[in-house]
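S.K.: Sequence plus the predicted model coming up.
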Protein chains: 2
Amino acid sequence: MTFAALPKPPYYAVIFTAQRAEGDDGYSQTAARMEELAKEMPGYLGFESARGEDGFGIAISYWKSEQAIANWKKVGEHLEAQRRGRADWYVDYDVRVAKVERAYTMKNERGELEREL
Amino acid sequence: MTFAALPKPPYYAVIFTAQRAEGDDGYSQTAARMEELAKEMPGYLGFESARGEDGFGIAISYWKSEQAIANWKKVGEHLEAQRRGRADWYVDYDVRVAKVERAYTMKNERGELEREL
């Protein structure tokens, strides 16, 4: 996993924090498929994720608009994945939809600490 | 690591995605200290993080306002941690400041799939 290459803000982030249940049970295959499928959606901008050994993970998908997020949530194959997620793969999860207002990188900050914020 | 208990939106999220350099070099101790220090700041709401074995991680701190974020960024001990981060601990990082507009949980969605989004 690595950094998403994103346009300048504003854009939207769907922050998905989740505790995985034990065992794979088809999760990895579906997760890979969902990443592939999301990429094909209009308004998809990128994806970043990380999960620790304790099974707690954060996945963030980035989108051009709220409408793009709503469209993706309704895709049939994704609805089925969400259902499996609730039934089998996650102990619990939270979803937050946020508007990214500004962004900066380590390179931006090198030597110009007061540039942002 | 686990879920942050947060109030209802709106509130702000600082999304920090980072690739760690090899070795600890004082990182873990400072990270724990920064978590402790952030908690004491006015407007601090919570913190969530995950890092994979590849060293790619996502850390999100949640805040009441942009002003609370700006105040935290300027705390002396935190400025020194940021400097060490750029110099020693991270290969690269991105920071995104986002306004969380809505949120829901797995329990919200059980049995009421169309409730949100």
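M.R.: Ah, there it is. The model shown is predicted, which means the values in this text are computed figures rather than measured ones. Numbering: from 1, shown residues only, chains lettered A, B, ... in the order given.
S.K.: and the residue of chain A nearest chain B?
M.R.: Per C-beta to the nearest C-beta, residue A:98 is where chain A lies closest to chain B, at 3.7 Å. In short, each C-beta sits where N, CA and C put it, glycine included.
S.K.: Would you mark the buried spots in the helix or strand in which that residue is found?
M.R.: Residue A:98 is part of strand A:90-105 when elements are defined by DSSP states H and E. Of all the residues in strand A:90-105, those buried under the rule 16 or more other C-beta atoms under 10 Å in any protein chain shown are A:90, A:92-100, A:103-104.
S.K.: Stretch A:5-14 now?
M.R.: By neighbour count on 16+ other C-beta under 10 Å, the buried set for stretch A:5-14 is A:6, A:9, A:11-14.
S.K.: Quick one: check it for contact with chain B.
M.R.: Yes. Against chain B, stretch A:5-14 shows contacts by C-beta under 8 Å from any C-beta of the partner chain at A:9, A:13.
S.K.: thinking again about what came up before, can you name the residues bridging to the nearest residue to the residue of chain A closest to chain B once chain neighbours are set aside?
M.R.: Closest residue to residue A:98 apart from its sequence neighbours, by C-beta to C-beta, 6 or more residues apart in numbering or on different chains: residue B:98 at 3.7 Å. The partner list for residue B:98 in beta bridges (DSSP bridges) reads residue A:100, residue B:13.
S.K.: CA atoms only for the lengthiest helix in chain A - export them in CSV, please.
M.R.: In terms of residue count, the longest helix belonging to chain A (DSSP state H) is helix A:27-39. Output of helix A:27-39 as CSV, limited to C-alpha atoms (Å, rounded to 0.1, in the frame of the first residue of the first chain):
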residue,chain,number,x,y,z
TYR,A,27,-12.4,-11.2,2.6
SER,A,28,-9.1,-10.6,0.8
GLN,A,29,-10.5,-11.6,-2.6
THR,A,30,-13.5,-9.3,-2.2
ALA,A,31,-11.4,-6.4,-0.9
ALA,A,32,-9.2,-6.6,-4.0
ARG,A,33,-12.2,-6.9,-6.2
MET,A,34,-13.9,-3.8,-4.6
GLU,A,35,-10.7,-1.8,-5.1
GLU,A,36,-10.7,-2.7,-8.7
LEU,A,37,-14.4,-2.0,-9.1
ALA,A,38,-14.2,1.4,-7.3
LYS,A,39,-11.5,2.5,-9.7
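S.K.: next structured bit after that helix?
M.R.: Using DSSP H and E, the helix or strand that directly follows helix A:27-39 along the chain is strand A:44-51.
S.K.: my read is residue A:59 is in a helix, agree?
M.R.: No. Residue A:59: not assigned to a helix; according to DSSP: H, G, I helix; E, B strand; the rest coil it is strand.
S.K.: center of chain A - which residue?
M.R.: The centre of chain A sits closest to residue A:60, judged by C-alpha atoms, centre = their mean, with a distance of 2.2 Å.
S.K.: Can you read off the pLDDT for that residue?
M.R.: Looking at residue A:60, its pLDDT stands at 98.
S.K.: rewinding a little: hmm, the longest helix of chain A touching chain B?
M.R.: No. Helix A:27-39 lies out of reach of chain B by C-beta under 8 Å from any C-beta, never closer than 13.3 Å.
S.K.: how about the least confident helix or strand in chain A by mean pLDDT as PDB, C-alpha atoms only?
M.R.: Least confident helix or strand, chain A: helix A:106-109 with a mean of 89, by mean pLDDT, DSSP states H and E. The C-alpha trace of helix A:106-109 is given here as PDB (Å, rounded to 0.1, in the frame of the first residue of the first chain):
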ATOM      1  CA  MET A 106       6.400  16.400   3.900                       C
ATOM      2  CA  LYS A 107       8.200  18.000   1.000                       C
ATOM      3  CA  ASN A 108       5.900  21.100   1.300                       C
ATOM      4  CA  GLU A 109       7.000  21.400   4.900                       C
END
